[in-house]
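> I would like the atomic coordinates for the input below:
(2 chains)
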Number of protein chains: 2
Amino acid sequence: METTVSNKQVILRDYVKGFPKESDLMIVTASDTVEFKVKHGSAAILVKNLYLSCDPCMGIRMREPNHSTLALIDSFVPGKPIAGIGVSKVIDSDDPAFEKGDFVWGMVDWEGYSTLNTAGMFKIDVNINVPLSNYTGILGMIGLTAYAGFFEICSPKKGETVFVSAASGAVGQLVGQFAKLMGCYVVGSAGTKQKVDLLLNKLGFDDAFNYKEEPDLDSALKRCFPKGIDIYFENVGGEMLDAVLLNMKTFGRIAVCGMISQYLLETRDRLQNLPDIIFKRIKMQGFTSIDYIDIFPKFLQFVLPYIKEGKLIYLEDIVQGLENGPSALVGLFTGQKHWQASNPSRSRMMKSYKYVLRLRDSYTNKTTKSVMY
Amino acid sequence: METTVSNKQVILRDYVKGFPKESDLMIVTASDTVEFKVKHGSAAILVKNLYLSCDPCMGIRMREPNHSTLALIDSFVPGKPIAGIGVSKVIDSDDPAFEKGDFVWGMVDWEGYSTLNTAGMFKIDVNINVPLSNYTGILGMIGLTAYAGFFEICSPKKGETVFVSAASGAVGQLVGQFAKLMGCYVVGSAGTKQKVDLLLNKLGFDDAFNYKEEPDLDSALKRCFPKGIDIYFENVGGEMLDAVLLNMKTFGRIAVCGMISQYLLETRDRLQNLPDIIFKRIKMQGFTSIDYIDIFPKFLQFVLPYIKEGKLIYLEDIVQGLENGPSALVGLFTGQKHWQASNPSRSRMMKSYKYVLRLRDSYTNKTTKSVMY
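Prediction:
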């Protein structure tokens, strides 16, 4: 039996300016092979990575850090692997809390095998009957993001109106379903007809629109919310936020989860309607899941029964193979290339489904039962 | 003895576009004279107006209303008197709760005499030893604004850093003093050297700067707050808000009281740093005093002892005579005309001291003791 294996990695070439391109990343085989044994006394674990999550914040991490971004997260290091939430299988362990064969999720480098400090790694309960990939999404930080932003920041009440941008995205699709569970009226925006169909027919949104096909976002929102918006779950920023501000109700709440249309712009969109924050006494609050890690158990207690009863679903777009990682990640920011933007700012407002990279062929036909792994 | 008197009024000619000019207002004598008797059965009071407050929100009310501004306040009616907070003396009353000779404060038209519904009028306790004009400011809605925005929205903690824009203004000067009472480190910005001196030498700010003399607001804020800002009390918006966002600390709070530099602009300033709301998990909340009217007694309980002990002062800029009202009000938005703006956007960021219009000569030498009135 072999005791070492080569390790493929996705490396950041250099800090990215503007929008990331596939060529900003490269796939290499690490010069060091991986030994199938973790060093005694290291308290580490050696894992084989199975799923890697593609998340918008990774676009921020590809850029040179500055005082603002460092308040949230470190940048990747040029010449080193990029990193994100992953699901992995333990191959060897020097931490008594983890055993060979355990499944874990947490922050890992984009590579085939990783040696990890176990702080910040969560053990997966394989008795919970969901695809392992879900731990990069609904049952991990993404799920907590949707939960904390919607419930903790927006304090929704039954009957309130909720708007979600990037609504078919990793977080948006959950917020929409949470809103329906709360008895709210929920509308989502997305960037293709197919996604709008999903929102309406699969995810239970009351209404949805394709923002690229709307000549005027303000009119689209007025059509969907003739009486205004109580809660806006913000994923995109820019032009959409500006239109939303015009349509917020008095005492509306905006949970600012992301501004994917704006992060990478050198000159950001001009907002005309920021004074509406005063006129309507709006609360607008940025947040990130890590600040709510304390309520992770409460979140699981909320979400697991709904998953078991089939009342919450989670759509993923699974891309096969580490070598397709760069295009999947870059696709989060540039969207479908075949779409010809009539409005250049809208072409930036891209956020797809939840993108997950699957690294192991052997798992391709077993995506519905984690117990099968 | 005469039983009627003519009534001067300040009338809005027509809805204002852009920045208000003195010529948008006109002073007329009402065609109806005022009878010194209130109609029996009306439950109204007849008052002689003594002080009228000049407030930035009156600039919004001079414009054609829209869905956004109506969420906060009605516009004035062209051809009718403008209105604001005033201090008045009761001449006749058909409401048993008010007697001839009482002093009251509340919303009144800009005119010599008004017949008022008593709902929303507050009786002044003349045993409280402050100038009557203070009820247009520190002891009225302005004081409540500073209190609610600072304490209720920003939840200050001892040792935190606080930045106040338009810091010598009606609200700003109080927020700065509240912040010092809480043991915070507080810095203010203002638009003249004289105002900066007041902040430093009279109002107890730890530091202050003249934003017009700063080539770069970001650098000015970094100089004053090397470790960042916990709380920003926002009065101006635009370029200043953009610089502040860059300098906020993680979990910072922004109470949005006003955006006086932006209200009247057709094209508002571009903000580059709005994504900092996410990076730093900032809470930004618009508010207005009227939403906090329930805590007015709590506010008085807090503020009165400090006033009695001389630990809170309040600076007013008193302008004599209704005929000078238009120039005083317009001056709130255009600032000192002799100042030549090198940066046109900064010339808009004007907010003066608390401006109060005094209507009665007979009160000119008695501004320190309301019991003298």
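> Give the helix, strand or coil label for A:Tyr135.
With DSSP: H, G, I helix; E, B strand; the rest coil as the basis, A:Tyr135 sits in helix.
> So it sits against A:Trp105, correct?
Yes - A:Tyr135 lies in contact with A:Trp105 (C-beta atoms under 8 Å); the separation is 3.9 Å. Just so you know, the C-beta spots here come from the backbone N, C-alpha and C atoms, and that holds for glycine as well.
> ok, those two, which is more surrounded?
A:Tyr135 (29 against 24; other C-beta atoms under 10 Å in any protein chain shown).
> Distance of that one relative to chain B?
A:Tyr135 sits 24 Å away from chain B, going by C-beta to the nearest C-beta, to the nearest Å.
> Pull the contacting residues for that residue.
A:51, A:85, A:87, A:103, A:105, A:122, A:124 (C-beta atoms under 8 Å, 6 or more residues apart in numbering or on different chains).
> The same query, at a cut-off of 6 Å, please.
If you count contacts by C-beta atoms under 6 Å, 6 or more residues apart in numbering or on different chains, A:Tyr135 has them with A:87, A:105, A:124.
> next one: A:Phe287
A:149, A:153, B:281.
> Give the residues shared as contacts by A:Tyr135 and A:Trp105.
In contact with both A:Tyr135 and A:Trp105: A:Val87, using C-beta under 6 Å, 6+ apart.
> What parts of chain A come near chain B?
Residues of chain A found near chain B (C-beta under 6 Å from any C-beta of the partner chain) are A:68-69, A:71-72, A:250, A:256, A:259, A:262-263, A:268, A:270, A:272, A:275-287.
> Is it possible to mark the buried ones in those residues?
A:68-69, A:71-72, A:256, A:259, A:262-263, A:268, A:272, A:275-287 (16 or more other C-beta atoms under 10 Å in any protein chain shown).
> Out of the residues you listed, which sit inside helices?
A:68-69, A:276-279 (DSSP state H).
> picking up where we left off before, what's the closest of the contacts of A:Phe287 to A:Val175?
A:Gly149 (7.0 Å; C-beta to C-beta).
> tell me the contacts of the closest one?
A:255, A:257, A:287.
> Buried residues of stretch A:35-47, list them for me.
So, applying 16+ other C-beta under 10 Å, buried residues of stretch A:35-47: A:38, A:43-47.
> Grab the two from those that are most spread out in space.
A:Ala43 and A:Val47 (14.2 Å).
> Identify the residues contacting stretch A:256-268?
By C-beta under 6 Å, 6+ apart, stretch A:256-268 touches A:18-19, A:56, A:59-60, A:149, A:171, A:234-238, A:286, A:348-349, A:351, B:272, B:275, B:277-278.
> Could you tell me which ranges of the stretch 51-200 of chain A sit under the pLDDT cut-off?
Judged by pLDDT under 70, the stretch 51-200 of chain A has no weakly predicted residues.
> Can you show me the helices along it?
A:57-61, A:67-70, A:141-147, A:172-181, A:193-201 (DSSP state H, counting those that start in this stretch).
> Can you verify my assumption that A:Lys249 contacts A:Asp230?
Yes - between A:Lys249 and A:Asp230 there is a contact under C-beta atoms under 6 Å: 5.4 Å.
> Looking at those two, which is more packed in?
Between A:Lys249 and A:Asp230, A:Asp230 has the larger neighbour count (other C-beta under 10 Å), namely 22 against 18.
> and that one, which of the three is it?
strand.
> residues making contact with the longest helix seen in chain A?
The longest helix of chain A (DSSP H) is helix A:296-308. Outside helix A:296-308, the residues that touch it by C-beta under 6 Å, 6+ apart are A:144, A:147, A:312.
> Swap in 10 Å and give it another go.
Outside helix A:296-308, the residues that touch it by C-beta atoms under 10 Å, 6 or more residues apart in numbering or on different chains are A:122, A:125, A:128-130, A:134, A:138-141, A:143-148, A:151-152, A:174, A:177-178, A:181, A:289, A:292-293, A:295, A:311-314.
> Can I get the next helix or strand after that helix in CSV? Just the C-alpha atoms.
Next in sequence after helix A:296-308, counting helices and strands by DSSP states H and E, comes strand A:316-320. Taking C-alpha atoms only, strand A:316-320 is exported to CSV below (Å, rounded to 0.1, in the frame of the first residue of the first chain):
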residue,chain,number,x,y,z
GLU,A,316,-26.7,23.2,-5.2
ASP,A,317,-24.8,23.5,-8.5
ILE,A,318,-22.1,20.8,-8.2
VAL,A,319,-19.1,21.2,-10.3
GLN,A,320,-16.8,18.2,-10.7
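> Mind giving me the packing neighbours of strand A:316-320?
Secondary-structure packing of strand A:316-320 (3 or more C-beta pairs under 10 Å, 6 or more residues apart in numbering or on different chains; DSSP states H and E): strand A:44-54, helix A:325-334, strand A:354-358.
> ok so, going back, please flag which of the contacts of stretch A:256-268 sit within strands.
A:234, A:286 (DSSP state E).
> Of the contacts of stretch A:256-268, keep whichever come out buried.
Here, 16+ other C-beta under 10 Å leaves A:19, A:56, A:59-60, A:149, A:171, A:234-238, A:286, A:348-349, A:351, B:272, B:275, B:277-278 buried among these.
> Using CSV, please lay out the helices and strands packed on strand A:316-320 together with distance to A:Lys195.
CSV is the format used below for the helices and strands packed on strand A:316-320 (distance: least, C-beta to C-beta, whole Å):
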stretch, distance to A:Lys195
strand A:44-54, 16
helix A:325-334, 14
strand A:354-358, 12
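> weakest of the ones you listed in terms of mean pLDDT?
Lowest mean pLDDT within the helices and strands packed on strand A:316-320: strand A:354-358, at a mean of 83.
> Direction included, what does that strand pair up with?
Strand A:354-358 pairs in its sheet with strand A:44-54 (antiparallel), strand A:316-320 (parallel), by DSSP bridges.
> if you compare the ones you listed, which one is most tucked away?
strand A:44-54 (a mean of 24; mean count of other C-beta atoms under 10 Å in any protein chain shown).
> Using CSV, write out the CA atom coordinates for it.
Written as CSV, here are the backbone C-alpha positions of strand A:44-54 (Å, rounded to 0.1, in the frame of the first residue of the first chain):
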residue,chain,number,x,y,z
ALA,A,44,-3.7,17.7,14.0
ILE,A,45,-5.8,15.7,11.6
LEU,A,46,-5.0,14.7,8.0
VAL,A,47,-8.1,14.9,5.8
LYS,A,48,-9.1,14.1,2.2
ASN,A,49,-11.1,17.0,0.9
LEU,A,50,-14.5,15.9,-0.6
TYR,A,51,-16.3,19.2,-1.3
LEU,A,52,-15.2,22.7,-1.5
SER,A,53,-17.6,25.7,-1.4
CYS,A,54,-17.4,28.6,-3.8
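> Can you get me the centre-to-centre distance for it and its chain?
17 Å (C-alpha atoms, centre = their mean, to the nearest Å).
> and it with helix A:325-334, angle?
40 degrees (axes from the mean of the first three to the mean of the last three C-alpha atoms, to 10 degrees).
> In this structure A:Ala30 contacts A:Gln9, no?
Yes - assessed by C-beta atoms under 10 Å, A:Ala30 is found in contact with A:Gln9 at 5.5 Å.
> Who has more neighbours out of the two?
A:Gln9 (19 against 16).
> Just the element for that one, please.
Residue-wise, A:Gln9 maps onto strand A:8-12 under DSSP H and E.
> Alright, I will stop here.
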